[in-house]
Structure formats: structure tokens, C-alpha cells
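**Student:** Generate a structure from the sequence data that follows.
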Amino acid sequence: MELETNSKIKNIRDLYGGINDFKKGYQPRTNIVNDDKGDLVADCHSVLARWRNYFSQPLNYMDLHAAEPLVPEPSASEVELAAATSPNNPRRRILTDCF
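**Tutor:** Numbering: from 1, shown residues only. Okay, here's the model as predicted:
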């Protein structure tokens, strides 16, 4: 029914999505993860707690604002030189086309 409707109204994306879902059939999802000790956890509250713990650990020890940039900021003269020699600079194109 839904495939026929999508075909009639020319909703191609949903039509092909429905065809793919129909061809694959029902595929149950499993939400099983390993806890800190390596044991399998299937309870939805335990799984959510595990993911919350997993994603909070790397972010706690990393201070992004304290890190120094790897590349120093360019000076004004470096920026001007790069703009003047850039092939995408419209003024440079005009000058090279005239001469």
C-alpha cells in the first residue's frame, strides 16, 4: 500500500527505501554492549548507562582550550603575499590577462 502510494506521487526516495526494507525483511535490532569488566549487558538502562560512561570518560581529561595551536597564525604580510600570488585572486587574473 505504501509502496503504491509513493509510486503514484513519484516519491522515489521513499519508494526505493520501502522496496529495500521489503527485500531485507524484518531484522530485529540487538542492543547488547560490553561493560567495563567485559561482560555482556542487554538491559536498556544498563546499556544507556554504559554509553553515557563511555562517552564521558574521554571528554573529562581533555581540555581543548588549554591546547596551543599547532600552526602559528600568519602575519599580515604573509596574508597579503598569499592573496597576491593566489591563482583565485581576481585582481591577479586581470593583470595577467592584460599583459
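
**Student:** For V33, see how far away D39 is.
**Tutor:** Distance, D39 to V33, by CB to CB, to the nearest Å: 10 Å. For every residue, glycine as well, the C-beta is placed using N, CA and C.

**Student:** For these two, indicate the residue with more neighbours.
**Tutor:** V33 (15 against 8; other CB atoms under 10 Å).

**Student:** show me the contacts for the more buried one.
**Tutor:** The contact partners of V33, taken as CB atoms under 8 Å, 6 or more residues apart in numbering, are L40, V41, V47, R50, W51.

**Student:** and the longest helix for the protein?
**Tutor:** Ordering each helix of the chain by length in residues (DSSP state H) puts helix 44-60 first.

**Student:** Out of the contacts of V33, the closest to P28 would be?
**Tutor:** V47 (15.3 Å; CB to CB).

**Student:** so how far is S7 from the closest one?
**Tutor:** Applying CB to CB, the value for V47 to S7 is 39 Å.

**Student:** Kindly report the same for L70.
**Tutor:** Taken as CB to CB, the span from L70 to S7 is 53 Å.

**Student:** just the buried members of the contacts of V33?
**Tutor:** Taking 16 or more other CB atoms under 10 Å as the criterion, what is buried in the contacts of V33 is V41, R50.

**Student:** now, which of the contacts of V33 sits nearest D21?
**Tutor:** Distance to D21 across those (CB to CB) is lowest for V47, with 24.8 Å.

**Student:** residues contacting that closest one?
**Tutor:** Neighbour list for V47: N31, I32, V33, V41 [criterion: CB under 8 Å, 6+ apart].

**Student:** And what about P72, helix, strand or coil?
**Tutor:** Secondary structure state of P72, per DSSP: H, G, I helix; E, B strand; the rest coil, is coil.

**Student:** for this structure, what are the low-confidence residue spans?
**Tutor:** Scanning the chain for pLDDT under 70 picks out the ranges 58-69, 89-99.
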